[in-house]
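Participant: Pasting the sequence and the predicted coordinates here, then a few questions.
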Amino acid sequence: MTFRSVVKGCGAYLPEQVVTNHDLAAIMDTSHEWIVERTGIHQRHVVEDGDYTSDLATRAARQALLRSKIPVESLDLIVLATATPDDTFPATAVTIQQKLGAHAAFAFDVHAVCSGFVYALSVVDNFIRSGQVKTALVIGAETMTRLLDPNDRSTAVLFGDGAGALVLQAEEVSSKDKDTQRGVLSTHLYSDGRFRDALYVDGGPSRKTMGYLRMQGKEVMKHAVEKIGDSVKKALEFHKLTPQDIDWFVPHQANIRIINAVAKYFSLPTERVVVTVDQHANTSAASIPLALAAAETDGRIKAGQLVVLEAMGAGFTWGSAVIRW
Ligand code: ACO
């Protein structure tokens, strides 16, 4: 018996506090024009004092459960993608489990920074395919603004906070309908630790410091389009699909220049690309589920459509996923 992980519902949460480029220009040496031209970002949501990654994640998860009409007691697995856990341990997924009251599940975190959601989706999909798990919650949630150095304008303007979640459930694959049946069709993951210094936080529990995010922006930019493009190309080849078969391209939302360059490489019209970077900035592992939730809520993404996800982040880590929604 083979199973497929079918998307039953998605949810999102963005903190109420919005910080515009103009707000940042009032406190650091930057401008709205510079940020928009280099990144496409207009504003970002910033977590309120007293709220943590688990709070954002729990709100997104509740919405995903409500929309999927799946009771919390049915959850077998919770996987959280985050680079900004509440505490060093326990895993923030366990805190979310407690807040949700999902006592029948087992829960853990996946850490792949901006690629985290694609990695977590892959982990959940493999548990479901193997038959070990029937119903799972996969969440991307971040409080990235807590890692920003206010004195480093080259990174302080790029990131925002938020959370997105998907409920996935196992459905048996019938061999006759396997090309049209809904669910996660594949995930492709990659990493290359030779680039660990291009994007990192200069602190952590083993170093006994908290640290700030550090990035060689040009180095990231140089590799992003090539690595993302390659992972999407491999995914399409794996399924014998062409870019024309993609109904919705939902990229990690780091920079509009990266998104546009990848879309151009595949000749994808902008109408089939979901963009939220202007409103959310880079929310790391939360950016893809936030974009999915936005595009499903406003009726763009519909059941049966082919959705392609991609991400690249610190490590470098990168990857893609193909979903029949
Ligand atoms: N406001 C105004 N000026 C700035 C700012 C700012 N916020 N930040 C940097 N500058 C200045 C620099 O000091 C530099 O000035 P100089 O020429 O006088 O020395 C000038 O702008 C150009 O700086 P660069 O770093 O060369 O700017 P660049 O065009 O490379 O853009 C950016 C910087 C936006 C970070 C770009 O490199 C980039 O987008 N890289 C991709 C990285 C990314 O998106 N990372 C997100 C995380 S990784 C991921 O999610 C894939």
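Facilitator: Perfect, I can see it now.

Participant: A strand includes Leu189, no?
Facilitator: Yes: Leu189 sits within a strand when classified using DSSP: H, G, I helix; E, B strand; the rest coil.

Participant: residues near it, how many?
Facilitator: For Leu189, the count of nearby residues is 18 (other CB atoms under 10 Å). (Glycine included, C-beta is placed from N, CA and C.)

Participant: From the ligand, how far out is it?
Facilitator: According to CB to the nearest ligand atom, to the nearest Å, Leu189 stands 15 Å off from the ligand.

Participant: ok, for Phe3, nearest residue in space, not its chain neighbours?
Facilitator: Excluding the flanking residues, the one nearest Phe3 by CB to CB, 6 or more residues apart in numbering is Ala170, at 4.2 Å.

Participant: I should have written Phe266 there, sorry.
Facilitator: With CB to CB, 6+ apart as the criterion, Phe266 has its nearest non-adjacent residue at 4.0 Å, and that residue is Pro243.

Participant: Would you list the phi and psi of that neighbour?
Facilitator: When read as degrees, to the nearest 10, the backbone of Pro243 gives phi -60, psi -30.

Participant: what do you get for the one 4 residues further on?
Facilitator: Dihedral angles of Asp247 (phi, psi; degrees, to the nearest 10) stand at phi -80, psi -40.

Participant: just checking, it touches Arg272?
Facilitator: Yes: assessed by CB atoms under 8 Å, Asp247 is found in contact with Arg272 at 6.6 Å.

Participant: For the helix or strand containing the residue nearest to Phe3, enumerate the helices and strands it packs against.
Facilitator: Secondary-structure assignment from DSSP states H and E places Ala170 in strand 161-172. For strand 161-172, the elements it packs on are strand 3-13, strand 43-45, helix 53-68, helix 116-129, strand 135-143, helix 287-297, judged by 3 or more CB pairs under 8 Å, 6 or more residues apart in numbering; DSSP states H and E.

Participant: Can you add mean pLDDT and mean neighbour count and give these back as CSV?
Facilitator: Listed next are the helices and strands packed on strand 161-172 as CSV, based on pLDDT from 0 to 100; neighbours: other CB atoms under 10 Å:
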stretch, mean pLDDT, mean neighbour count
strand 3-13, 97, 23
strand 43-45, 98, 23
helix 53-68, 98, 24
helix 116-129, 98, 25
strand 135-143, 98, 31
helix 287-297, 98, 26
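
Participant: which helix in the protein runs the most residues?
Facilitator: In the chain, assigned by DSSP state H, the helix with the most residues is helix 217-238.

Participant: Buried residues, it. List them.
Facilitator: For helix 217-238, a neighbour-count test (16 or more other CB atoms under 10 Å) marks Val220, Met221, Ala224, Val225, Lys227, Ile228, Gly229, Asp230, Ser231, Val232, Ala235, Leu236 as buried.
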